[in-house]
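J.: Pasting the sequence and the predicted coordinates here, then a few questions.
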Amino acid sequence: MTLSSDRPRIRLKPKANARGLRHGFPWVYANDIVTDRRTRKIAAGDLAVLEDDKRAPIALVAVNPASKIMCRVLDRDTKAQLDAEWFETRLRHALQLRERLFDAPYYRLIHAEADGFPGVIIDRFGDACVIQPNAAWAEAHLDVLTDALVKVTGVGTVLKNASGRTRGLEGLDDLSLTLRGVAPEAPLPVPMNGATYMADLTGGQKTGLFYDQRPNHAFAAKLIHPGADVLDVFSHVGGFGLAMLAGGAAQALSVDGSAAALELAMKGAEASGFAKRFQTRQGDAFDVLTKLGEDGTRFDVVICDPPAFAPSKQALDAGLRAYERIARLAAHLVKPGGYLGLCSCSHAADLGRFRDASSRGIGRAGRQAQLIHTGFAGPDHPQLPQLAESGYLKAVFYRL
């Protein structure tokens, strides 16, 4: 264990935002740091003391010289030790919130910086947890993190998911592993909003299920009237479609490009008792929306929950055009007096720009709209107020 007095020092340039870091901003970019041979020799994942330009200490940080985010703030106490107690204390704090919010152990347990674990995602599925250690420091401390997770939660299985572009940006591998217990051989049933979703923890997208849309699923279900026909585009494993069936929809059509995701969606419909009211259609969403419009098919509720069209500032303009196009195509499919829900998980597209693109697309479809609800990720995805990126998910619902 490295003593705090032996830790390397990293100094900010005079024009760097030291005040913002003292007030809670958790990242230090490489171009804000005075770099020399000693700084560049710090190994990815090692700890250091961050100092301002006058050498006053600010925080204990994790360092990755290969990343644009060169330092991630771990603790305001520069003498803190990342031992078992440190991990267990933060995990217990996170667990207390989730146990207050949910009556069953199916939730996001750790939401990165907002829960004090920069770059780390942990989703819980009953007796199993899936960790995404998307920062070098977490990879370096994965054993103690896993031990603490088992001790605090009592889960029997812990998996490491190494997929996603973030690990590549950190210079990390893409090797997923079973860290504790035995990986489930079949998808696990997850109850949410009156439906059952099937989570593939080893072969599915991300950790196997997207918990963040849970409150937006619930709102969509409130829009249902008896006999309603609904369309769920970019449905993944059932998403909005299953929730709206649980809310009383007569029929739901789920559209996705992944055959594996749609197979899981159908299994979820069967487990929920909705199989006779549930249909799937594999294909490119833009093509399917266009074809449904040409066929004159109309629905009482249409929901579109695409992947991040604007994952970076460089992709923002193209992403906003894609969101606008989705809104225009989807609006054509909504019956008069029906509802349209549009979602974005793009960090770069803030709520105002996304809402404007969506409203513009609806207008270009020749439809009049009322914006009736704006939704965000659930409370198991808390936001760090100083980090706008932690509030990535937006959902806007219109009555047409």
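T.: It's in.
J.: Look at the spatially most central residue of the chain and tell me its secondary structure.
T.: Against the mean C-alpha coordinate of the chain, by Cα atoms, centre = their mean, the closest residue is Asp212 at 6.3 Å. What DSSP: H, G, I helix; E, B strand; the rest coil gives for Asp212 is coil.
J.: any idea of the pLDDT on it?
T.: Listed pLDDT for Asp212 reads 96.
J.: which residues touch the residue nearest to it when sequence neighbours are not counted?
T.: In space, and not counting its chain neighbours, Asp212 is closest to Ala377: 4.0 Å by Cβ to Cβ, 6 or more residues apart in numbering. All C-beta spots, glycine's among them, are computed from the backbone N, C-alpha and C. Counting by Cβ atoms under 8 Å, 6 or more residues apart in numbering, Ala377 touches 212-213, 215, 391-393.
J.: list the contacts for the residue nearest to the centre of the chain?
T.: 108, 345, 377-378, 381, 393.
J.: 6 Å - rerun?
T.: 377, 381, 393 (Cβ atoms under 6 Å, 6 or more residues apart in numbering).
J.: Likewise for Val34?
T.: 11, 13.
J.: Compute the distance between it and Ile69, please.
T.: Counting by Cβ to Cβ, to the nearest Å, the gap from Val34 to Ile69 is 17 Å.
J.: Then Arg9?
T.: The value you get for Arg9 to Ile69, if Cβ to Cβ is used, is 19 Å.
J.: next one: Arg353
T.: For Arg353 relative to Ile69 (Cβ to Cβ), the value is 23 Å.
J.: Likewise for Ser344?
T.: Noted for Ser344: a distance of 23 Å to Ile69, by Cβ to Cβ.
J.: Give the residue from those two that has the larger number of neighbours.
T.: Using other Cβ atoms under 10 Å, the more surrounded residue of Ser344 and Ile69 is Ser344, with 31 against 17.
J.: since we're on the nearest residue to the more buried one once chain neighbours are set aside, how many residues are nearby?
T.: Spatial nearest neighbour of Ser344, chain neighbours left out: Phe354 (4.5 Å); criterion: Cβ to Cβ, 6+ apart. Neighbour count for Phe354, taken as other Cβ under 10 Å: 25.
J.: And for Phe274?
T.: 22.
J.: Identify the residues contacting it.
T.: Leu245.
J.: quick one, what contacts Leu50?
T.: Contacts for Leu50 (Cβ under 6 Å, 6+ apart) come out as 10, 58-59, 61, 71.
J.: and if we set it to 8 Å?
T.: By Cβ under 8 Å, 6+ apart, the contact list for Leu50 reads 10, 12, 21, 28, 57-61, 71, 73, 78.
J.: Distance-wise, check the residue nearest to Ser67 when sequence neighbours are not counted relative to Leu340.
T.: Distances taken as Cβ to Cβ, 6+ apart place Glu170 nearest to Ser67, at 5.4 Å, with adjacent residues excluded. Distance of Glu170 to Leu340, computed by Cβ to Cβ: 38 Å.
J.: Compare these two (neighbour count), which wins?
T.: The neighbour comparison of Glu170 against Leu340 (other Cβ under 10 Å) goes to Leu340, with 27 against 22.
J.: Three-state assignment for that one, please.
T.: Per three-state DSSP, Leu340 ends up strand.
J.: What strand or helix carries the nearest residue in space to Ala148 that is not next to it in sequence?
T.: Excluding the flanking residues, the one nearest Ala148 by Cβ to Cβ, 6+ apart is Phe87, at 3.7 Å. In the assignment (DSSP states H and E), Phe87 maps to helix 84-101.
J.: Pull out the CA atoms of the one helix or strand Ala221 maps to and give them to me as PDB.
T.: In the assignment (DSSP H and E), Ala221 maps to helix 214-222. This file holds the C-alpha atoms of helix 214-222, laid out as PDB (Å, rounded to 0.1, in the frame of the first residue of the first chain):
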ATOM      1  CA  ARG A 214     -37.800   2.400 -15.700                       C
ATOM      2  CA  PRO A 215     -39.700   5.600 -14.800                       C
ATOM      3  CA  ASN A 216     -40.300   6.500 -18.400                       C
ATOM      4  CA  HIS A 217     -41.700   3.000 -19.100                       C
ATOM      5  CA  ALA A 218     -44.100   3.600 -16.200                       C
ATOM      6  CA  PHE A 219     -45.200   7.000 -17.700                       C
ATOM      7  CA  ALA A 220     -45.800   5.400 -21.100                       C
ATOM      8  CA  ALA A 221     -48.000   2.800 -19.500                       C
ATOM      9  CA  LYS A 222     -50.200   5.500 -18.100                       C
END
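J.: helices and strands around that helix, which ones?
T.: Applying 3 or more Cβ pairs under 8 Å, 6 or more residues apart in numbering; DSSP states H and E, one finds that helix 214-222 makes contact with helix 239-246, strand 334-344, strand 370-375, strand 394-399.
J.: which residues in the stretch 1-150 of the chain form helices?
T.: Secondary structure of the stretch 1-150 of the chain (DSSP state H, counting those that start in this stretch): helices located at 18-22, 37-40, 84-101, 136-140, 142-153.
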